[in-house]
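> sequence and predicted model, in that order:
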Amino acid sequence: MPNILAFDLGASSGRAILGSLKDGKIVTEELHRFPNDPVQTGDRLHWDILRLYHEIKQGLLKAKHQGVQPVSIGIDSWAVDYGLIGSDGSLLGNPLHYRDRSSNGMMEKLQEELTSAEIFKRTGIQFLPFNTIYQLYAAKINQSPQLDSAKHFLMIPDLLRYFLTGEMYNEFSNASTTQLYNPLGQNWDEDLLQHLGLPKALFGQVLQPGSPAGFLQPSVQEELGLGPIAVHAVAEHDTASAVVAVPATDRSFAYLSCGTWSLLGTEVSEPVMTEEALRLNFTNEGGFGGTYRLLKNIMGLWILQECRREWERVGRNYSFPELVKLAGEAPAFQSFIEPDDPAFMAPGDMPSRVKEYCGKTNQPVPEEVGAIVRCILESLAFKYRYVLELTERLSGQQFKGLHMVGGGIHNTLLCQWTANAIGKPVWAGPAEGSAIGNLAVQWIANGEFADIWEARQAIRESFPVTVYDPNQTNVWNDGYGRYLALTNLR
């Protein structure tokens, strides 16, 4: 069967995954993996977008060197960040990283002009300080020369796709995360754009996942020695792709896409834009087939990743399996954090921030590495339960368990503790959910699968799923009560 190629870009690394179908099962091969390190220049934090484009071309070359020319390509990445294109078609500067400080305070400032209720009723998107709307608002207030010169707005996968094809489109799942897209009008919200002083012409046609988006342009074909490979707009927000890959059998299911960020929610046919959804700060992001992802962002394994980075900086090198082992040996339920506290947002000395949070909330301060890691992982498991229960309430559904996908499922301790915390089974797999969902959308577009449910059936039959049954539920229920009280989440 023909091969297709998925480029899946995460906040810390990227990969090129070659996919094929054999006897109805999905076969994947990782052709290329590369780091995605942000670059600090002065007081600004950028993505190295041209390096990412170079790595995409390396992935294409590695396919070629194996004698493979894919019939199609798709790109997915994180959300909210963007690049601006000038009148001559050139990129106007490196895209800012969502953890850059330039948008600090902009969410609150805009809410002095437009209430949260007004913004939410137009977009259905949760309020996060790095949302695209606040990045653009900061650029407007600061009279950014790039914004003044811009003719086109492209999000990260849109931008990389443009480099490959020369054609500019915006894609639905990523566009919805900007807090500038109106799901009821199914287009960019003109009133919000007008309020921000942003020209509507800056924002292009929005393609649904699975739409054709061009072919490798002649200059790229010549450079790489390849033919005119089709490029699809897949579900280009990596969480949207991960949800496509959830191997659910029931139409009613809950998922947790677990990695640097954790995103927990369910798939719905219409956005849930109620007052309660606004109060609970849930979001309605676009999915495949016109669906929406009713979910909530949770800070995720970023906190642990930053702890490990800080320990490495001072010469204490631990692998993630070593950290998990130390956590398992530490005493249970000593201290908790609220993972979404603003203290844990920015890069930096995360172990000290965990200690400071515990001290300020009158808890035992974890000093040893294992105690800090256990505090983080137990807190994440309890936060997952909290958000899962809110998701059930908002969606009017009761879920039999939780599907976990993404690289975080390699942390078997977190998977088991999540099952213990929610008191329901956790079904973990596949780990490369975003890349597999990317491939699945291409196969649907190419006519290999009839719809998303046929694709999910193939995913179930192609990749192992590990089942974690809950245990010690009474002890974990007691711990959950303490967690809620200490973090003021009641």
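The structure has been received and is ready for your questions. What you see is a predicted model, and the numbers here were worked out from it, not measured in a lab.
> where do the helices of the stretch 251-400 of the chain begin and end?
275-279, 302-313, 320-329, 350-360, 369-395 (DSSP state H, counting those that start in this stretch).
> these: which one's closest to residue 149?
helix 302-313 (33.6 Å; Cβ to Cβ). All C-beta atoms are positioned from the backbone trio N, CA, C, and that covers glycine.
> now that closest one, how far from the centre of its chain.
20 Å (Cα atoms, centre = their mean, to the nearest Å).
> list the helices and strands it packs on?
helix 320-329, helix 350-360, helix 369-395 (3 or more Cβ pairs under 8 Å, 6 or more residues apart in numbering; DSSP states H and E).
> quick one: list the elements packing against the first one.
Helix 320-329 makes packing contacts with helix 302-313, helix 369-395, helix 412-422 when contacts are defined by 3+ Cβ pairs under 8 Å, 6+ apart.
> for the ones you listed, which one ends up most surrounded?
Most buried of those, by mean neighbour count (mean count of other Cβ atoms under 10 Å): helix 412-422, with a mean of 24.
> before we move on, back to that, quick one: which of the helices and strands packed on helix 302-313 is nearest residue 243?
Here helix 369-395 is closest among those (Cβ to Cβ), at 13.2 Å.
> give me the sheet partners of the helix or strand just after the closest one and which way each runs.
Counting by DSSP states H and E, the next helix or strand C-terminal to helix 369-395 is strand 402-405. Take DSSP bridges as the rule and strand 402-405 pairs in its sheet with strand 254-258 (parallel), strand 426-428 (parallel).
> just how off-centre is the following helix or strand past the shortest one within its chain?
This points to strand 426-428. With elements assigned by DSSP H and E, the helix or strand that comes after strand 426-428 is helix 433-445. Helix 433-445 sits 16 Å away from the centroid of its parent chain (Cα atoms, centre = their mean).
> packing partners of helix 433-445?
Applying 3+ Cβ pairs under 8 Å, 6+ apart, we find helix 433-445 packed against strand 4-9, strand 13-22, strand 25-35, strand 72-76, strand 230-233, helix 238-244, helix 452-462.
> what pLDDT, on average, does it get?
Helix 433-445 carries an average pLDDT of 98.
> what angle separates it from strand 25-35?
130 degrees (axes from the mean of the first three to the mean of the last three Cα atoms, to 10 degrees).
> pLDDT wise, what is residue 12 at?
Listed pLDDT for residue 12 reads 88.
> just residue 455 next, same as before
Per-residue pLDDT puts residue 455 at 98.
> please list all residues in contact with it.
Residue 455 makes contact with 244, 440, 443-444, 449 under the criterion Cβ atoms under 8 Å, 6 or more residues apart in numbering.
> care to break this structure down by domain?
Per the record, the chain has its domains at 4-238, 246-429+449-490, by automatic domain parsing.
> next one: residue 39 from residue 96, what distance?
Going from residue 39 to residue 96 by Cβ to Cβ, to the nearest Å gives 11 Å.
> tell me which of those two has more neighbours.
Counting neighbours by other Cβ atoms under 10 Å for residue 39 and for residue 96 shows that residue 96 has the greater number, 22 against 13.
> quick check, that one in contact with residue 84.
No. Counting by Cβ atoms under 8 Å, residue 96 does not reach residue 84; the two are 10.6 Å apart.
> re the thing from before, could I get the helices of the stretch 251-400 of the chain as a markdown table with distance to residue 287?
Shown next, in a markdown table, are the helices of the stretch 251-400 of the chain (distance: least, Cβ to Cβ, whole Å):
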| stretch | distance to residue 287 |
| --- | --- |
| helix 275-279 | 16 |
| helix 302-313 | 23 |
| helix 320-329 | 30 |
| helix 350-360 | 32 |
| helix 369-395 | 14 |
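> name the residues that touch stretch 8-15?
Contacts of stretch 8-15 (Cβ under 8 Å, 6+ apart): 7, 17, 30, 32-37, 52, 55, 75-78, 156-157, 238, 241, 259-261, 302, 305, 407, 432, 434-435, 438.
> residue 131 versus residue 144, what's the distance?
Applying Cβ to Cβ to residue 144 and residue 131 gives a distance of 17 Å.
> neighbour count for those two, which is higher?
Between residue 144 and residue 131, residue 131 has the larger neighbour count (other Cβ under 10 Å), namely 26 against 17.
> now the closest residue in space to residue 490 that isn't next to it in sequence, what are its backbone angles?
Setting aside the residues directly before and after it, residue 490 is nearest to residue 484 in space (Cβ to Cβ, 6 or more residues apart in numbering), at 4.9 Å. Main-chain dihedrals, residue 484, degrees, to the nearest 10: phi -60, psi -40.
> dump the residue contacts of residue 484.
Taking Cβ under 8 Å, 6+ apart, we find residue 484 in contact with 382, 386, 490.
> next: residue 403.
Counting by Cβ under 8 Å, 6+ apart, residue 403 touches 246-248, 253-256, 426-427.
> ditto for residue 339
Listed by Cβ under 8 Å, 6+ apart, the contact set of residue 339 reads 298-300, 303, 376, 379-380, 383.
> now for the closest residue to it other than its chain neighbours, how many residues are close by?
Excluding the flanking residues, the one nearest residue 339 by Cβ to Cβ, 6+ apart is residue 299, at 4.1 Å. Using other Cβ under 10 Å, residue 299 has 21 other residues around it.
> for residue 25, same thing?
Using other Cβ under 10 Å, residue 25 has 12 other residues around it.
> that one and residue 462 touch, don't they?
Yes. At 4.5 Å, residue 25 and residue 462 qualify as touching, with contact defined as Cβ under 8 Å.
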